[in-house]
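J.: Next one to model:
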Amino acid sequence: MDLDVFVTTHHTEWDRLDHLLHRGRSLTGEEADELVALYQRTATHLSLIRSSAPDPMLTARLTQLVARARSTVTGTRRASWRDAARFLTAGFPAAVYRSRHWWIPTAVLSTLLAAVIGWWIGTHPEVQASIAAPEDLRALTMPGGEYETYYSSHPAASFAAQVWTNNAQAAAMCLVLGAFLCLPVIWILFVNVLNLAVGIGLMSSAGRLDTFLGLVLPHGLLELTAVFVAAGTGLRLGWTVIDPGPRTRRSALAQQGRAAIGMAIGLALVLFVSGVIEGFVTPSGLPTWARITIGVAAELAFLAYVYILGGRAARAGDTGDLEEGERSAELPAAA
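T.: Sure thing, here's the model as predicted:
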């Protein structure tokens, strides 16, 4: 497409649309119909320019024009059940899918680190002694000890609510604090990894690692995945501060921040499911294989949700951000 010819052909329509938008409520019925038609045509022009000849300045101008026209044509939008359904079936899974290059390495490295630290604790008695006195360690790891009774020490419903609240707060902190150059996220992630590693090390040294994994895996697979997604997204947000790419740092942070807020809501729902499993399934009398099967099924369901629904939405252009007409136009940064 010859961009100069395209602009010459259509610039009078864009100028006319801009003029009608400045007229506001004083439009006649005929002019209002003309505004709608020009809005639809300009939106088509914007799509053509983006796909065939992406000029940053022209794209920014038409994006702003289309957003203003849409606001005038449709009026103020109110959140609806359709918005919630779109968020759950497209926006949230697309955002998780698009950030997979951050949270998958985070998950792999964190799991390896937990295994290494757990092995170090489990094979070095002097490290165990620095954690707690021998009688306290026995109280933690013995049959019927604190590691086992922890999951049944409170009524299931209140315990599930408490776990969900704590994990949702940790995930939200990872998402929000990522803007501080990633450092708070790394610390929160390390604390979670260290807690897991201590349990692995102490229970393996007592010859009861299988019991520990039988208690952790039913809820821990989904729970840790949610934490890793939050941490990876927080790290991505922090990296945006360092390298915003072709956008201004402000607009890049705004886009990533809006997506992160949406992910906080979505991950709260995921952690609610893991909290229910931790409160009702983990301490239940079900055989270990049955409890782990439930945990694996929940994890696979989440991954399928992300890769099937999220992958499809991401390929269709969904980023988890607000819809185009609901956000301000953004000028690209100079190269």
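
J.: rest of the way, CA atoms for contacts and neighbours
T.: Fine.

J.: Quick one: find the helix or strand in this structure with the lowest mean pLDDT.
T.: Taking mean pLDDT, DSSP states H and E as the measure, the helix or strand of the chain with the lowest value is helix 156-177, at a mean of 76.

J.: which stretches of the stretch 151-300 of the chain aren't confidently modelled?
T.: Low-confidence segments of the stretch 151-300 of the chain, defined by pLDDT under 70, are located at 153-154, 159.

J.: For the residue lying closest to Gly178 once chain neighbours are set aside, give its distance to Ala259.
T.: Distances taken as CA to CA, 6 or more residues apart in numbering place Gly234 nearest to Gly178, at 4.0 Å, with adjacent residues excluded. As judged by CA to CA, to the nearest Å, Gly234 and Ala259 stand 11 Å apart.

J.: okay, those two: which has more neighbours?
T.: Set side by side, Gly234 and Ala259 give different neighbour counts by other CA atoms under 10 Å, the larger being at Gly234 (33 against 23).

J.: measure the more buried one to Phe302 for me?
T.: Going from Gly234 to Phe302 by CA to CA gives 20 Å.

J.: repeat for Leu109
T.: Leu109 is 20 Å from Phe302, by CA to CA.

J.: If you count surrounding residues, which of those two has more?
T.: Applying other CA under 10 Å to Leu109 and Phe302 shows that Phe302 carries more neighbours, namely 17 against 12.

J.: before we move on, the earlier item: surely the residue nearest to Gly178 is in contact with Val185?
T.: Yes: the pair Gly234 and Val185 qualifies as a contact (CA atoms under 8 Å) at a distance of 6.5 Å.

J.: Mutual contacts of the two, please.
T.: Listed contacts common to Gly234 and Val185 are Cys174, Leu175, Leu177, Gly178; contacts here mean CA atoms under 8 Å, 6 or more residues apart in numbering.

J.: Out of those residues, which end up buried?
T.: Applying a neighbour-count criterion of 16 or more other CA atoms under 10 Å, the buried members of those are Cys174, Leu175, Leu177, Gly178.

J.: how about a markdown table for those, with distance to Val163 added?
T.: Compiled in a markdown table, those are given as follows (distance: CA to CA, whole Å):
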| residue | distance to Val163 |
| --- | --- |
| Cys174 | 17 |
| Leu175 | 18 |
| Leu177 | 21 |
| Gly178 | 23 |
